[in-house]
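[1] got a sequence here, can you build the structure:
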Amino acid sequence: MAGLRKVALVVSAMIVLAAAGTGFYLSQTVPPGPSSTTTVTTSSSSTVLSTTTAASSLGLSLEMSVNATQIPSQDAISFNATVFNTLPSADNLTAADDWAVQGLSSGPCDLDNFPVGFGVFRGTYGLGNISSAGRPLFVWAEISCPAAFVSVGSQFDHLQNITSYSLQPGSDNGTYAGYYAVPTAQPPPVCNSGVCTYTQTPPTYAKGVFGMRMFDEATVYAANGTGFYDSLHSALPANYTLVAGDEWGQISLLHFQVVPSLNLPKVGSFLASGGGCAENDNPAPCWTSGFSGAFIFNCAAAAATPAGCTAQVPSSGPWSAKNYTITVHYPDVGQPGEPASSNCMLSVPGVTTTPWAYCFMVDATSFAVSDGQGSNSQG
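    Numbers count the residues shown, from 1 in each chain. Below you'll find the model as predicted:
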């Protein structure tokens, strides 16, 4: 958004909304046009904010909802936003790029054609001072994203720019029109005395119309981010401001809180219970971003002894060994070279990566390993 948007036909950055919570939140909106109405409605499952430009030629309604306004540390908040056509006929809109808040984005692969976006700010802001909040937090997973492509026949072509949108009556479904680069055959090189000269033919552009829905949603964890999931990059209690906006200048904002929790983390960087990582063709620890895939050591008492806890962890790969041996000393702090954030030491025969990690109790007898240094990761 505001120069960073996504191609809905190629990239799916949507995450299914989490189970709805309850509660009412305070919200504000700024719709474009001289005349507008603001409506706030609530239900037992969520609160929906709706802004309608009643006397505007735009005929749009920006709506945003969340599943909760107070989330425990290590949990997640889910939200969505949609732009509706409030007219009884098709609503044809010129691409505006007129964002009321800069830096809004629709997801980790927000490439170049999505007119709805979000921004999350740490702190409590209102319409009067949101401009002083700076850039939104980068809450999206750090993943590799494709270039902006559109599907034309049996191939994908580079999308260059969007010129207009059209929404169906009373709907968030519609189309966008834009230019895309048509692949051009390149002339053969001209060679003389073994030296070849290549000439690049500039691409030609064609205009097309493509289907889309002006709806976006995301789930963001109140956890320390590792790059593999959408995260606030902090599990500490804090106040946040969530903003949704569209490229025609409408914005909606609300506030939510992260509160203390004793729950186990849902996401992070955990020693995995499987995977195919290796060093020197020998199985080695893998790391996963989901706690559901973590290896649980049921030997907390042994880990606290000088011998430590030794376990066999399953592995997969072209090597003959189908598991590897790991010994964990926990707690183990204050050793030479040990980072202050670590509290345990790992030892895997044949693996030369740093041995320091962070261990935490899962129950009275079991623990898991987190924040491995120099590790691989599995999805």
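[2] only C-alpha atoms for contact and neighbour calcs from this point on.
    Fine.
[3] can you list the domains in this structure?
    As given by automatic domain parsing, the domain ranges for the chain are 1-259, 267-370.
[4] what distance separates the start and the end of the shortest one?
    Its first and final residues considered, domain 267-370 spans 10 Å by C-alpha to C-alpha, to the nearest Å.
[5] ditto for stretch 200-219
    44 Å.
[6] going forward, begin numbering at 19 instead of 1
    OK, 19 is where the count begins now, so the last one is stretch 218-237.
[7] run the chain-centre distance for it.
    Distance, stretch centre to chain centre, for stretch 218-237: 21 Å (C-alpha atoms, centre = their mean, to the nearest Å).
[8] over to stretch 319-330?
    Distance, centroid of stretch 319-330 to centroid of chain: 37 Å (C-alpha atoms, centre = their mean).
[9] quick check: phi and psi on A318?
    Torsion angles at A318 (phi, psi; degrees, to the nearest 10) stand at phi -60, psi -40.
[10] near it, how many other residues are there?
    The number of residues packed near A318 is 23, by other C-alpha atoms under 10 Å.
[11] also the one 4 residues further on?
    The number of residues packed near A322 is 16, by other C-alpha under 10 Å.
[12] point out where the stretch 169-318 of the chain drops to low pLDDT.
    171-173 (pLDDT under 70).
[13] now the helices for it?
    Shown for the stretch 169-318 of the chain, the helices assigned by DSSP state H, counting those that start in this stretch span residues 318-321.
[14] show me what the biggest strand by length in the chain packs onto, helices and strands only.
    As assigned by DSSP state E, the longest strand anywhere in the chain is strand 173-185. In this structure, strand 173-185 packs against strand 109-112, strand 167-170, strand 191-200, with contacts taken as 3 or more C-alpha pairs under 8 Å, 6 or more residues apart in numbering; DSSP states H and E.
[15] could I get those strands as JSON lines with mean neighbour count and distance to E265?
    What follows is the helices and strands packed on strand 173-185, written out as JSON lines (neighbours: other C-alpha atoms under 10 Å; distance: least, C-alpha to C-alpha, whole Å):
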{"stretch": "strand 109-112", "mean neighbour count": "18", "distance to E265": "10"}
{"stretch": "strand 167-170", "mean neighbour count": "18", "distance to E265": "20"}
{"stretch": "strand 191-200", "mean neighbour count": "19", "distance to E265": "13"}
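[16] out of these, which gets nearest to G311?
    G311 lies closest to strand 167-170 among the helices and strands packed on strand 173-185, at 33.7 Å (C-alpha to C-alpha).
[17] please compute how far the closest one lies from its chain's middle.
    Here the centre of strand 167-170 is set off from its chain's centre by 23 Å, with C-alpha atoms, centre = their mean.
[18] got it, and stretch 232-241?
    Taking mean C-alpha positions (C-alpha atoms, centre = their mean), stretch 232-241 and its chain are 7 Å apart.
[19] go on, stretch 232-245?
    The chain centre lies 4 Å from the centre of stretch 232-245; the measure is C-alpha atoms, centre = their mean.
[20] end to end on that stretch, go ahead and measure it.
    27 Å.
[21] try stretch 238-257
    From its first residue to its last, stretch 238-257 covers 15 Å (C-alpha to C-alpha).
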